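**Q** need coordinates for the below:
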Amino acid sequence: MKHISLTIPDHKYAFFLELVKSLKFVEVEETYTDAEKEVLKGIEQGFREVKLIEEGKMKSRPAKDFLNEL
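**A** Numbers count the residues shown, from 1 in each chain. Below you'll find the predicted structure:
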């Protein structure tokens with residue numbers, strides 16, 4: 001199996017990725033920068049917290065209190 005590394009302009013990335021994924025013989029392995037990985041980790045943590053709040057295992061706070069801290 002061969003590997004190719006490409007540099008695609010941001011505004012063409014989504015189109016290119018969709019095109020490549022439509023090819024049955026191509027496997028796409030997306031890589032992320034450290035900053036992007038941190039953002040994804042934060043989002044995942046937020047979803048876990050929402051689930052715990054919905055299950056009553058974690059307390060939430062009113063949005064007004066959160067906004068007042070900003």
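
**Q** going forward, measure contacts between C-alpha atoms and count neighbours the same way
**A** Fine.

**Q** list the contacts of the lengthiest helix in the chain.
**A** If you go by DSSP state H, the chain has its longest helix at helix 34-54. Helix 34-54 has contacts (CA atoms under 8 Å, 6 or more residues apart in numbering) with 58-60.

**Q** and if we set it to 6 Å?
**A** By CA atoms under 6 Å, 6 or more residues apart in numbering, the surrounding residues in contact with helix 34-54 are 58-59.

**Q** mind listing what's buried in it?
**A** 49-50 (16 or more other CA atoms under 10 Å).

**Q** next SSE downstream of that helix?
**A** Once the chain leaves helix 34-54, the next helix or strand it forms, by DSSP states H and E, is helix 63-69.

**Q** might you calculate how far that following helix sits from the centre of the chain?
**A** Centroid displacement of helix 63-69 relative to its chain, using CA atoms, centre = their mean, to the nearest Å, is 25 Å.

**Q** just the buried residues of it, please?
**A** Using 16+ other CA under 10 Å, none of the residues of helix 63-69 count as buried.

**Q** which other helices and strands contact it?
**A** Helices and strands touching helix 63-69, as assessed by 3 or more CA pairs under 6 Å, 6 or more residues apart in numbering; DSSP states H and E, are absent.
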